[in-house]
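Colleague: I need the structure of the sequence given here:
(one chain, ligands or ions: 1)
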Amino acid sequence: MDLEFDRKHIWHPYASLINPPPVYPVARAEGVRIFLEDGRGLIDGMSSWWSALHGYNVPELNQAMRNQMDKMSHVMFGGLTHEPAIELCKKLVEITPPGLNRVFLADSGSVSVEVAIKMALQFWHSQGKPGKSKLLALRNGYHGDTFGAMATCDPVTGMHHLFAGQLSQHLFAPTPQTPFGQTCPDEDIRELEQLVAQNSEQLAAVILEPIVQGAGGMRFYSADYLRRVRALCDEYDLLLIADEIATGFGRSGKMFACDHAAISPDILTLGKALTGGTMTLAAALCSDRIAEGICNGEAGVFMHGPTFMGNPLACSVANASIQLLLSSPWQERVTAIEQQLTEQLAPLKSAQGVADVRALGAIGVVEMREPVNMAKVQEALIERGIWLRPFGKLVYAMPPYVISKEDLSQLTSAMVDVLGETS
Ligand code: PMP
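Modeller: Okay, the predicted model is just below:
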């Protein structure tokens, strides 16, 4: 591969073209392993950023794409529809929290967040309350890299402060402090409660990542907190937008993270694992109330329509992925992964450079006291046959659910070795 060309000409995510970080040439991927061009196999602890639940080169997923490819790879969705989209939307309505009956198919996670925000604003416009146009987001939240989504990311610790002047101004409540598994004391939700009470006339919705704050810090917070936010939204007539782009499809131990609190949001965003990590597809689901409001409003339609909306190849493979997930013992697998991550990463708790170690579902997080040298840690992990992408102070793993006990042990012992050493 022409890595020199890559270094000079191709943008990688969040990377410099003058001082590019190392990129490793991948030739193929199989099961839970990524194979580099030189033949080295690396256990993928990232599931390609939360998406490859079933690992790689999965026969059922490949077959679904092949079958669909022979019929129709793409067709516009304006004025046309097809079986893969209908089947997928039926399944999504069935498996997501109750009441989310209407589905908009988007083409990436960030776009589904844009769609969710537009749904909320169009809804309040339709109710004769166009002043309800602000969002209340959580500090350390992350919802994507497009302008609407960026405006809901933490303006202080987030990656987007450079654009602050151009972004819509929203309100932010403190990061929830109550850990997962604990009852939320009044103090933890007081400021959010006050912000809601004081601004309900201008607030359209609360937007949050339920239970797991991902890219903004890999924190796991209380289901009770989430339940109380839902109750506050009801009390003050705000919508709740749950961004489950990262947590959807079992990652936190429940099919959706909202299920931990037994709540339904008014709008739900999905992406990443929707196609089992094979193709780009996302969705925003909403309740009948929102959809009916929007369609009875001034515009009479929902104002969004991407070219590749409802791509049949992506919908077919999403159907196959959901079917594979539902027919597998995914919950037992995720529980077993959580137990193994908890036990095997525990020795790091006493390492000097480590601030915290935590696991929830198939997510294991080591939070260091200082930011790690990403390239150095990555190289040391690669030497031990592991692929992870550290970020700031965080080194975390969210492997495919099909990872074997032995491979997960290799992953955790590499983390213990390398992070024990760096400390
Ligand atoms: N919301 C959350 C919670 C995410 O984790 C991400 C992806 N990092 C996004 C939104 C944006 O999704 P995408 O990268 O597909 O645009």
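Colleague: CA only for contacts and neighbour counts going forward, please
Modeller: Noted.
Colleague: where are the low-confidence patches of the stretch 201-350 of the chain?
Modeller: Nowhere does the stretch 201-350 of the chain drop to pLDDT under 70.
Colleague: can you list the residues of it near the ligand?
Modeller: 209, 214, 243, 245-246, 272 (Cα under 6 Å from any ligand atom).
Colleague: export those residues to TSV and tack on neighbour count and secondary structure?
Modeller: As requested, those are arranged in TSV below (neighbours: other Cα atoms under 10 Å; DSSP: H, G, I helix; E, B strand; the rest coil):
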residue	neighbour count	secondary structure
Glu209	24	coil
Gly214	18	coil
Asp243	28	strand
Ile245	29	coil
Ala246	28	coil
Lys272	27	helix
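Colleague: out of those, who's nearest His160?
Modeller: His160 lies nearest to Gly214 out of those, by Cα to Cα, at 15.6 Å.
Colleague: list the contacts for that closest one?
Modeller: Listed by Cα atoms under 8 Å, 6 or more residues apart in numbering, the contact partners of Gly214 are 141-142, 246.
Colleague: Show me where the stretch 301-423 of the chain has its strands.
Modeller: 354-360, 363-368, 386-387, 394-397 (DSSP state E, counting those that start in this stretch).
Colleague: What pairs with the shortest one, parallel or antiparallel?
Modeller: Using DSSP bridges, the strands paired with strand 386-387 in its sheet are strand 41-44 (parallel).
Colleague: quick one on the thing from earlier: using a markdown table, lay out the contacts of Gly214 together with distance to Gln63.
Modeller: Formatted as a markdown table, the contacts of Gly214 follow (distance: Cα to Cα, whole Å):
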| residue | distance to Gln63 |
| --- | --- |
| Gly141 | 37 |
| Tyr142 | 34 |
| Ala246 | 25 |
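Colleague: Looking at these, which one is closest to the ligand?
Modeller: Ala246 (4.6 Å; Cα to the nearest ligand atom).
Colleague: so that closest one makes contact with Leu268?
Modeller: No. Using Cα atoms under 8 Å as the test, Ala246 is too far from Leu268 to be in contact (11.9 Å).
Colleague: Distance check, Thr228 against the ligand.
Modeller: Careful, residue 228 is Arg; it's not Thr. Here the criterion is Cα to the nearest ligand atom, to the nearest Å. By it, Arg228 lies 20 Å from the ligand.
Colleague: Just put the strands of the stretch 301-423 of the chain in a markdown table and tack on mean pLDDT, distance to Leu17 and mean neighbour count.
Modeller: Formatted as a markdown table, the strands of the stretch 301-423 of the chain follow (pLDDT from 0 to 100; distance: least, Cα to Cα, whole Å; neighbours: other Cα atoms under 10 Å):
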| stretch | mean pLDDT | distance to Leu17 | mean neighbour count |
| --- | --- | --- | --- |
| strand 354-360 | 98 | 32 | 20 |
| strand 363-368 | 98 | 28 | 24 |
| strand 386-387 | 98 | 22 | 26 |
| strand 394-397 | 98 | 24 | 24 |
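Colleague: Could you export these as a markdown table, including distance to Gly305?
Modeller: Output for the strands of the stretch 301-423 of the chain, formatted as a markdown table (distance: least, Cα to Cα, whole Å):
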| stretch | distance to Gly305 |
| --- | --- |
| strand 354-360 | 36 |
| strand 363-368 | 34 |
| strand 386-387 | 37 |
| strand 394-397 | 35 |
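Colleague: CSV please, covering these and showing distance to the ligand.
Modeller: Listed next are those as CSV, based on distance: least, Cα to the nearest ligand atom, whole Å:
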stretch, distance to the ligand
strand 354-360, 16
strand 363-368, 13
strand 386-387, 18
strand 394-397, 14
